[in-house]
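Undergrad: Just a sequence and a predicted model for now, questions to come.
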Amino acid sequence: MENIGIKEKEATSYQYVKKNYFEIASEKEVKEIYDYAEKYKNFITKCKTEREVNDFVSDIAFKNGFERYEFGDKLNIGDKRFICNRGKGVVLFKIGNNDIEKDGLRIIVSHLDSPRIDLKQVPLYESDGLCFLKTHYYGGIKKYQWTAIPLSLHGVIYTKNNDKVEICIGEKSSDPVFYINDLLPHLGKAQMEQKAESFITGEQLNIVVGGKALKEGSSKDKIKENILKILNKDYKITEEDFISAELSVVPAFQARDVGFDRSLIGAYGHDDKVCAYAAFNAIFDCQNKNTAICILVDKEEIGSEGVTGIKSKIYEDVIDEICLSLNKNVRKVRQKSLCISADVTAAYDSNFADVFEKNNAAILSCGVCMNKYTGGAGKSDSSDASAELVQKIRNIFSKNNVIWQTSELGKVDIGSGGTVAKFITQLNIETVDIGVPVISMHAPYELISKADLFSAYKGYKAFFE
Ligand code: MN
Ligand code: MN
């Protein structure tokens, strides 16, 4: 009997089995996981837009000894520098001792923008007892999820006099919040029979901003007139200034522990601020011989376009300038470089088991997750990382005791999803997706595991080192 037992034990050791990180972590490490989550909750509650993360990261970059970089600056081994991209993204880099022509660069890219609801440029109108703001949603949202919840308003307005007004209303408990109406069930029979996609339409995502009519004046829209009066008093803006504004409506929720065991975190914008957070902390904390670059981009949720998206040439320019400054051949350097596209992936959800193939799904708390490929039917639109790159990452993670797992987004032919990976590979840089599994991705309140967050931080740090 004893022999059979040993044989069975040996046999199971050949199997690939995912394990819950909490189950195998030491008590000390479990404490580290929970402590790390507290810092992240503070960050994700404060930073809800790419501009807010940009400012947060710039601030702590200075505290971590990073100096601002301008194109043309001479760079030397040991330099720690960062450059902001128009206030909506940051590139941080550390120049290491290793020869970058031989060892390449170690790059991690994540995105700071999250699905949300943006204001139109002529947003304000009054209708039958209420004043609203017209919107155009940003990124892939299920519109019905954004009704009947407290919302906050974030962004910037540039006035006629060239003043920049920064807006953040709805985050302090003393602030007012904003709201999108939904229909009462009593009158919702016809609505409930429609497809979920259309029972709240894009043009119905109007934000309630007031209902108090002005006493004086002859305007026919006295509620609107009163709102404009308040905005002029508090922010020195007029209605026309909305044209040169970028204002976003996001959930007014704070990040909270979820569950009796407090192992999970609920928050708005885990996608992709959770990977961004792990990535910028990894570059601050890593002891690197390699030259490490952490790229935090905007516009991923709408296709990575624009000067602040990953398709912008600025990121290539930074790599070029590093090579030029160190007198290295940029083509050789890029060919040897490795990149992690640090973006979230879908966590397996037994409530929606139909869309997942369990053997190849990310299980919550089993660690940061590698997606060799993303894309849709027939792997289309995926950069599909090579087995060689996957093996390199396996080695790095196993040497550094990083708990990690592998997955693909869902069942074959069920849907699709993409990341910035395919754009980075266009530079001849090998790239693979590695990020935190998320439940209810793109919802106003998303769920992650504290274990996966910490494992992402450990994994990214090991990769840089
Ligand atoms: Mn993402
Ligand atoms: Mn997304």
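TA: Perfect, thanks for sending it. Ligands and ions are numbered 1, 2, ... in the order given.
Undergrad: Does Gly376 touch Gly415 like I think?
TA: Yes: Gly376 is within contact range of Gly415, at 6.8 Å (criterion: C-beta atoms under 8 Å). All C-beta spots, glycine's among them, are computed from the backbone N, C-alpha and C.
Undergrad: give the contact list for Ile167.
TA: With contacts defined as C-beta atoms under 8 Å, 6 or more residues apart in numbering, Ile167 is in contact with 153-157, 235, 247.
Undergrad: For it, give me phi and psi.
TA: Torsion angles at Ile167 (phi, psi; degrees, to the nearest 10) stand at phi -120, psi 130.
Undergrad: wouldn't Ser383 be in contact with Thr425 here?
TA: Yes: at 4.4 Å, Ser383 and Thr425 qualify as touching, with contact defined as C-beta under 8 Å.
Undergrad: Now do the shared contacts for those two.
TA: Residues touching both Ser383 and Thr425 (C-beta under 8 Å, 6+ apart): Thr431.
Undergrad: quick revisit: show me which of the contacts of Ile167 is closest to Leu187.
TA: For the contacts of Ile167, the closest approach to Leu187 (C-beta to C-beta) belongs to Leu153, at 28.7 Å.
Undergrad: And the pLDDT at the closest one?
TA: Listed pLDDT for Leu153 reads 98.
Undergrad: Quick check: Ile293 touching Gly104?
TA: No: using C-beta under 8 Å as the test, Ile293 is too far from Gly104 to be in contact (10.8 Å).
Undergrad: Look at Gly202 and say how many residues are nearby.
TA: As a burial measure, Gly202 scores 12 neighbours (other C-beta atoms under 10 Å).
Undergrad: Tell me the spatial nearest neighbour of it, not counting adjacent residues.
TA: Counting by C-beta to C-beta, 6 or more residues apart in numbering, Gly202 lies nearest to Tyr137, which is 6.2 Å off, once chain neighbours are set aside.
Undergrad: A strand includes the one you found, no?
TA: Yes: counting by DSSP: H, G, I helix; E, B strand; the rest coil, Tyr137 is found in a strand.
Undergrad: Enumerate every residue touching it.
TA: So Tyr137 contacts 115-118, 143, 146, 202, 205 (C-beta under 8 Å, 6+ apart).
Undergrad: Out of those residues, list just those in strands.
TA: Judged by DSSP state E, those include 116-118 as members of strands.
Undergrad: PyMOL command to pick out the buried ones of the residues you listed?
TA: Restricted to buried positions by 16 or more other C-beta atoms under 10 Å, the PyMOL selection for these reads:
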select buried, resi 116+117+118
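Undergrad: between the ones in strands among the contacts of Tyr137, which is nearest Pro176?
TA: When the ones in strands among the contacts of Tyr137 are compared against Pro176 (criterion: C-beta to C-beta), the nearest one is Ile117, at 17.0 Å.
Undergrad: Wait, that closest one touches Tyr138, no?
TA: Yes: Ile117 lies in contact with Tyr138 (C-beta under 8 Å); the separation is 6.8 Å.
Undergrad: Quickly find the element holding the residue nearest to the spatial centre of the chain.
TA: Nearest to the geometric centre of the chain sits Asp272, at 1.5 Å (C-alpha atoms, centre = their mean). Counting by DSSP states H and E, the element that carries Asp272 is helix 270-285.
Undergrad: can you check Leu247 too?
TA: Leu247 is part of strand 245-251, with elements assigned from DSSP H and E.
Undergrad: returning to what we had before: closest to Ala196 among the contacts of Tyr137?
TA: So of these, ranked by how close each gets to Ala196 (C-beta to C-beta), first place is Lys143, at 8.8 Å.
Undergrad: Can you give me the distance of that closest one to ligand 1?
TA: For Lys143, the distance to ligand 1 equals 19 Å [C-beta to the ion, to the nearest Å].
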